[in-house]
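> okay, sequence plus prediction incoming.
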Amino acid sequence: MSSQDFIRHMGYIGKDLGRRKSVWEYLHIDFPLLVALLILLGFGLMVLYSATDGNVSMMGRQVTFIIVSLGTMLFMAQLDVRILRRWAPWMYLGGMALLVAVIFYGSIGGGARRWIDLPLLPRFQPSEIMKVVLPLCVAGYFSKRAIPPRFKHIFWALVFIMLPTALIAIQPDLGTALLIAVSGLFVILLAGINWKLVFSFLGVTILSSPALWIFYMSDYQKQRVKTLFDPQSDPLGTGWNIIQSQTAIGSGGVFGKGWLNGVQSRLDFLPEGQTDFIVAVLAEEFGLLGMLFLLVLYIAIIGRGLYIAAMAQDTFSRLLAGSIIFTFFVYVFVNIGMVSGILPVVGVPLPMVSLGGTSILTLMVGFGILMSIHTHNRTLIS
């Protein structure tokens, strides 16, 4: 520890001795972030109740997952980030082992092999845990090396990212694979990578896109891209989802049709209304004002996350916090973008609103880590 770090550390201790801690600090809970999350979860349950037509079984399962997820968030907030940094490589290896096990022993559903039955976790989706584990691993790798990283360190970080991405892509689950890759790439960007390398990578990606289209992408993935540009080319087939979601969004107007009064969802015109396309249900029933309210909640959460990342006192915490909150932003942007017709449909749920317990659990683990980073930030990490 340098002399400057020691002086700064002693300054934090002096501040702590001069004031009394609040109950939230003792519980390691960031109160503004908690309030925003609770409001978002409550609003999401209202929308989900309408989207499922009041299905008691689905709602009960969702509420149970939310309670478990909140408990998990509280538990993660108690863990000092130094513990997470030490265990990151082992968690990465465990996650990779589960992804390999899915290939040989996974359950098939909807034409994909994405789940594995564990003793206490039936229908467990290992790709979900990699959304947190991968940025943990990459942030831990960079925290032990000079920043900005050298080219060889960037290369090995990309290897760490591409291995789970490839295993998830062959399930196939291209949407989740891209999101997991993004979570790791954000760590590299935040570590201070040279922008020449960024633009070079983008150039290579653009130039290789024809080969990707010809040799890698399956027919249904190609059709999704075609549908993005012309959904009316197959209005009763691949274009149906986008057309119906845009109709629902537009029919909501400014004030919406009222809670439980949506037409597209309640008459089953809108497919997957409780999962991927739930934002169309929200827009139809709550209108533009409801969408603005949702966006304000998301902006509040993202803004608080960026503040926590900026206040973090060590490289590992800054990189990890930044990756978590930027990846959360990507989830929101991709879901709203695909439902409104500006992005291809990739099967990404709306965070904290769509039906799905594993997704909420993973997100709450990330927010628990954010709280841990912020509430433990008076302990200087070497």
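That came through, no problem. Since we're looking at a predicted model, the values are computed, not measured. Numbers count the residues shown, from 1 in each chain.
> any stretches of this protein with poor pLDDT?
For the chain, the stretches with pLDDT under 70 are 1-21, 110-111, 119-122, 216, 220, 377-382.
> what about the strands in it?
Taking DSSP state E as the criterion, the chain contains strands spanning 107-109, 112-115.
> what's the most buried one of the ones you listed?
Of all those, strand 112-115 has the most neighbours on average by mean count of other Cβ atoms under 10 Å, namely a mean of 18. (C-beta placed from N, C-alpha, C; glycine too.)
> how about a markdown table for the strands of the chain, with distance to Ala283 added?
Output for the strands of the chain, formatted as a markdown table (distance: least, Cβ to Cβ, whole Å):
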| stretch | distance to Ala283 |
| --- | --- |
| strand 107-109 | 29 |
| strand 112-115 | 29 |
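> figure out which of those is closest to Leu79.
strand 112-115 (27.2 Å; Cβ to Cβ).
> just checking, what packs against the closest one?
Here strand 112-115 touches helix 81-105, strand 107-109, going by 3 or more Cβ pairs under 8 Å, 6 or more residues apart in numbering; DSSP states H and E.
> how far is it from where the chain is centred?
Computed by Cα atoms, centre = their mean, to the nearest Å, the chain-centroid distance of strand 112-115 equals 19 Å.
> and stretch 336-352, by the same measure?
Using Cα atoms, centre = their mean, the offset of stretch 336-352 from its chain centre is 13 Å.
> residues contacting that stretch, please?
37, 40-41, 44, 173-176, 178-179, 224-225, 227-228, 231, 241-242, 245-246, 249, 275-280, 298, 328, 331-332, 334-335, 355-356, 359-360, 363 (Cβ atoms under 8 Å, 6 or more residues apart in numbering).
> in PyMOL, select just the buried ones from these.
Here is the PyMOL command that selects the buried residues among the contacts of stretch 336-352 (16 or more other Cβ atoms under 10 Å):
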select buried, resi 37+40+41+44+173+174+175+176+178+179+224+227+228+231+241+242+245+246+249+275+276+277+278+279+280+298+328+331+332+334+335+355+356+359+360+363
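> keep only those of the contacts of stretch 336-352 that are in helices.
Under the assignment DSSP state H, the contacts of stretch 336-352 contribute 37, 40-41, 44, 174-176, 178-179, 224-225, 227-228, 241-242, 245-246, 249, 278-280, 298, 328, 331-332, 334-335, 359-360, 363 to helices.
> in stretch 211-228, which residues are buried?
For stretch 211-228, a neighbour-count test (16+ other Cβ under 10 Å) marks 221, 223-224, 227-228 as buried.
> end to end on it, go ahead and measure it.
20 Å (Cα to Cα, to the nearest Å).
> list of residues touching that stretch?
172, 174, 233-234, 238-239, 242, 341, 343-346.
> same check on stretch 164-184?
Contact with stretch 164-184 is made by 95-96, 99-100, 102-103, 106, 112-114, 127-128, 130-131, 134-135, 138, 157, 160-162, 218, 221, 323-324, 327, 330-331, 334, 346-348, as judged by Cβ under 8 Å, 6+ apart.
> Phe31 and Trp24 touch, don't they?
Yes: at 4.7 Å, Phe31 counts as touching Trp24 under the criterion of Cβ atoms under 8 Å.
> returning to what we had before: from the contacts of stretch 164-184, which would you call buried?
For these, a burial check counting by 16+ other Cβ under 10 Å picks out 95-96, 99, 102, 106, 113-114, 127-128, 130-131, 134-135, 138, 157, 160-161, 221, 323-324, 327, 330-331, 334, 346-348.
> measure the closest residue to Gly140 other than its chain neighbours to Val254 for me?
Of all residues not flanking Gly140 in the chain, Ala88 sits nearest, at 4.1 Å (Cβ to Cβ, 6 or more residues apart in numbering). The spacing between Ala88 and Val254, counted by Cβ to Cβ, to the nearest Å, is 47 Å.
> neighbour count winner among the two?
Taking other Cβ atoms under 10 Å, Ala88 and Val254 do not tie; Ala88 has more neighbours (22 against 9).
> dump the residue contacts of that one.
Residues near Ala88 by Cβ under 8 Å, 6+ apart: 133, 136-137, 139-140.
> ok, now how distant is it from Val182?
Separation of Ala88 from Val182 (Cβ to Cβ): 18 Å.
> just Glu285 next, same as before
Taken as Cβ to Cβ, the span from Glu285 to Val182 is 31 Å.
> now swap in Pro271 and tell me
26 Å.
> more crowded one of the two?
Per other Cβ under 10 Å, whichever of Pro271 and Val182 has more neighbours is Val182, with 21 against 14.
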